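Chemist: got a sequence here, can you model it:
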Amino acid sequence: MSTADQPAPEDVKRLTGCINDLATILEFPAIWAGYESPQIVDSLLDALLRMLPLEFAYVRIAGGKDARAWPFEAIRSAHREYTSVETSNIRCALDRWMAPQLSASRLLIDNPIGEGFLMITAFPLRPLDNNGILVAASTRSDFPTQIEDLLLRAAVNQACTAIQEAWRRAERQPAADQLAAGKRTEEALRQSEERFRRYFELGLVGMAMTSPEKGIFEVNDEICRILGYQRIELLQKTWAELTHPDDLAADVQQFNRVLKGEIDGYTLDKRWIRKDGRVIDSIMSAKCLRHADGSVNYFIGLLQDITLRKQAQEEQRRLAALVENSPYFIGIASLDGHAQIVNSAGRAMVGLENAAQVLQTRVLDFIAEGDQEEFQQHVLATVLREGQWEGESRFRHFKTGATIPTMQRIFLMREPGTDRPVAMGTFAFDVSERKRSEEALRSAQAQLAHIARVNTMGELTASIAHEMNQPLAAIVTNGDAALRWLGQTPPNVPEAQTAIEETVRQGHRASDVITRIRGLLRRSPRDLSAVNLNRVIDEVLALTSHQLAENSVKVRTQFQVDLPFVTGDFVQLQQVLVNLILNAIEAITAHNAVRDLVLTTERQGTGEVLIRVHDSGTGIDPRHADQLFHPFVTTKATGLGMGLAISRSIIEAHGGRLWTTPNETHGATFQFSLPLRTVE
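Modeler: You can find the predicted model right below:
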């Protein structure tokens, strides 16, 4: 049997102590033989204080046949002697809580002679027709346990019998009755044992009585329940038949030591075979009572079913192994923020060497210094209020001070049955590598987007030259005209002024063209602002006007006049539309039919704007439809396969989506939606 399978020391101690105390209680009648009533009460109280961790034990009996001793009151404490005043205070406190006809009860009362509270339990002590009580008090909130309750009941039963016999002796009966006193005492002892056996049924611990000659001769209901047999069935069995084969040898060895007189009792971690075949784990304690010659009279056995606890312990061991071997940070902290447990992976993540160092930290010590106040006010407050929190947080390395980005989940751990929060648990994992990968991906996407813009500008060169030639030619023409008007005699100043004004206007037009080109080519972070998509389309059509005219593409626009603004990067949205229009031109020129391009804008529902680029080209090959927006997928002989992939990433970064649908006749429609601008 492994160390992990051994019975818990506290269980062994509790059961061993219980069976020893029961054996002592069985011997009370012999010890008290010839005692007067007050001596019996004093002996009872002293014995209870030795058996149980009591604050005090108190007895009060209303009266008896011995006029010298009754009414009677006694109190004992394991800690000190009580004064008459303190005894009076205790009596008054108990009178307040006790009903005259008292049955066993369990009450929490104010400590009548000190600070705090006491848990008390009381039992009727009624020899013959007299009323009395025994009260036991403890500072423990779980007092009395099932075993303690059993011991108290058994002791009270023996005391009642002994006091009753003492009173009978005090009645000065006739000589004939005196001669029969011995027989009555013997009968009282027999009745006491019978009542003692009935106390088996009071506890939730399995109990049995057995002897070397008779085998099993008494069992209680609890041991029948544990082993799955009826009482009559168990009385016909032997312990060897019920014991798990692997545990039988150890039990027999201890049993033989008792028979030889080497020991009086023993405790074992033992398995049993139930009637239905299931294996039951238990802690068993046995104690023998001997004849005068030292031979074993009978055994008292206690059996505590620990099957469920064993299963729970095994689950806890598996869980502990899982936690300790997990590659993630797993920790537990008290509700006031003191760290209690961090697994080995968690300690390695933050630079703690052992569990002892964990106990010297608080939850906020694990958080990056600049984030601690926010973590305290927002995260921990949310956990205590709502029971959990999940999101990104930044840990710190205890040795280097380095910041560790993590994804973390914190939750309240609750007590089974009551749902009362008892601790905080957390799972976290280091996302440093993911953050670096995301940053590298963003950088690569930005570089590819810049390359795509440069390539696009190569395709737009002719259109740019055409658009620049128009204002430059107008500037030259108007400049010449202004000189001619000024050269006349007399100079025609009004006409010259008009020509100069037109020259200035055309200069501004040329400047605007250059500004648009520089904006499209520049490489800079996103510049979010309120964007009018109708204006974006107008400028893109101006940039692509040469390609449209050169390929005889007829453009129509259907703009919603009061189109709401969106929040976005003007240049990036311009890039998306340039790419879609150039793709549409290429698709249209590959088709010999009507060359139409329609651009529309409209508000979609209450939360977004929809833009459509509808062409009359060759349409989308179904073989490529699923992968059309994937990187490096292209249907062009000289294409990079990045235009649509970058366009989709730009739109999704703006909170929208980009997709395509085939037209009913020829061509395809590329469309994207963007959320409306948030008003601050």
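Chemist: a helix runs through D276, doesn't it?
Modeler: No - going by DSSP: H, G, I helix; E, B strand; the rest coil, the assignment for D276 is coil, not a helix.
Chemist: which other residues reach stretch 296-305?
Modeler: Stretch 296-305 has contacts (C-beta atoms under 8 Å, 6 or more residues apart in numbering) with 11, 15, 18-19, 22-23, 26, 205-212, 214, 217, 223, 226, 258-259, 280-291. In this view, the C-beta of every residue, glycine as well, is placed from N, C-alpha and C.
Chemist: if I look at G265, how far off is D247?
Modeler: Per C-beta to C-beta, to the nearest Å, G265 is found 18 Å from D247.
Chemist: just the contacts of stretch 296-305: which are in helices?
Modeler: For the contacts of stretch 296-305, membership in helices holds for D11, L15, C18, I19, L22, A23, L26, I223, I226, V258, L259, with DSSP state H as the criterion.
Chemist: which ones are touching the residue lying closest to K554 once chain neighbours are set aside?
Modeler: The spatial neighbour of K554 that comes closest, neighbours along the chain excluded (C-beta to C-beta, 6 or more residues apart in numbering), is D596 at 5.4 Å. Residues touching D596, when contacts are defined by C-beta under 8 Å, 6+ apart, comprise V553, K554, R556, I588, D615, S616.
Chemist: just the mean pLDDT for stretch 487-495, thanks.
Modeler: Along stretch 487-495, the predicted confidence averages to a pLDDT of 84.
Chemist: ok, and what's touching it?
Modeler: Stretch 487-495 has contacts (C-beta under 8 Å, 6+ apart) with A481, W485, L486.
Chemist: can you rerun that using 6 Å?
Modeler: In this structure, residues lying in contact with stretch 487-495 by C-beta atoms under 6 Å, 6 or more residues apart in numbering are W485.
Chemist: quick one: which of the contacts of D596 is most hemmed in?
Modeler: When neighbours are counted as other C-beta atoms under 10 Å, the busiest of the contacts of D596 turns out to be D615, with 27 neighbours.
Chemist: you'd agree that residue is up against I588?
Modeler: Yes - with contacts counted by C-beta atoms under 6 Å, D615 reaches I588, the gap being 5.5 Å.
Chemist: can you list contacts of stretch 19-26?
Modeler: Residues outside stretch 19-26 that contact it (C-beta under 6 Å, 6+ apart): M51, L151, A154, A155, Q158, S285, K287, L289, I300, L302.
Chemist: stretch 296-307: which residues count as buried?
Modeler: By 16 or more other C-beta atoms under 10 Å, the buried positions in stretch 296-307 come out as V296, Y298, F299, I300, G301, L302, L303, Q304, D305, I306, T307.
Chemist: turn the contacts of D596 into TSV, columns for distance to F329 and secondary structure.
Modeler: Putting the contacts of D596 into TSV (distance: C-beta to C-beta, whole Å; DSSP: H, G, I helix; E, B strand; the rest coil) gives the following:
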residue	distance to F329	secondary structure
V553	59	coil
K554	63	strand
R556	60	strand
I588	57	helix
D615	54	strand
S616	59	coil
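Chemist: out of the buried residues of stretch 296-307, which are inside helices?
Modeler: T307.
Chemist: show me the contact partners of stretch 233-253.
Modeler: Against stretch 233-253 from outside (C-beta under 6 Å, 6+ apart): I216, V219, K270, R271, W272, I273.
Chemist: now L152: which helix or strand?
Modeler: Secondary-structure element containing L152, defined by DSSP states H and E: helix 146-169.
Chemist: which parts of the stretch 151-300 of the chain are strands?
Modeler: Defined through DSSP state E, counting those that start in this stretch, the strands belonging to the stretch 151-300 of the chain, from first to last, are 206-211, 215-219, 265-273, 279-290, 296-305.
Chemist: quick one: those as a markdown table, columns for distance to S334 and mean pLDDT too.
Modeler: Below are those laid out as a markdown table (distance: least, C-beta to C-beta, whole Å; pLDDT from 0 to 100):
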| stretch | distance to S334 | mean pLDDT |
| --- | --- | --- |
| strand 206-211 | 38 | 86 |
| strand 215-219 | 46 | 86 |
| strand 265-273 | 33 | 90 |
| strand 279-290 | 32 | 88 |
| strand 296-305 | 32 | 86 |
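Chemist: dump the ones you listed into TSV; add distance to D142 as well.
Modeler: Rendered in TSV, the data for these read as follows (distance: least, C-beta to C-beta, whole Å):
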stretch	distance to D142
strand 206-211	21
strand 215-219	27
strand 265-273	22
strand 279-290	19
strand 296-305	16
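Chemist: flag the shaky bits of the stretch 101-250 of the chain, pLDDT-wise.
Modeler: Within the stretch 101-250 of the chain, the ranges that satisfy pLDDT under 70 run 101-105, 126-131, 170-204.
Chemist: right, I mislabeled it, should have said the stretch 501-650 of the chain
Modeler: 509, 512-527, 591-593, 622-627, 629-642.
Chemist: so in terms of bridging, what pairs with the residue nearest to F570 when sequence neighbours are not counted?
Modeler: On the basis of C-beta to C-beta, 6+ apart, the spatially nearest residue to F570 that is not a chain neighbour turns out to be V531, at 5.5 Å. In this structure, V531 has the following beta-bridge partners (DSSP bridges): V566.
Chemist: so who does V531 touch?
Modeler: If a contact means C-beta under 6 Å, 6+ apart, then V531 has V566, G568, F570 as its contacts.
Chemist: filter these to the buried ones?
Modeler: With neighbours counted using 16+ other C-beta under 10 Å, those contain these buried positions: V566, G568, F570.
Chemist: tabulate those (JSON lines), appending distance to M407.
Modeler: As requested, these are exported to JSON lines (distance: C-beta to C-beta, whole Å):
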{"residue": "V566", "distance to M407": "31"}
{"residue": "G568", "distance to M407": "29"}
{"residue": "F570", "distance to M407": "34"}
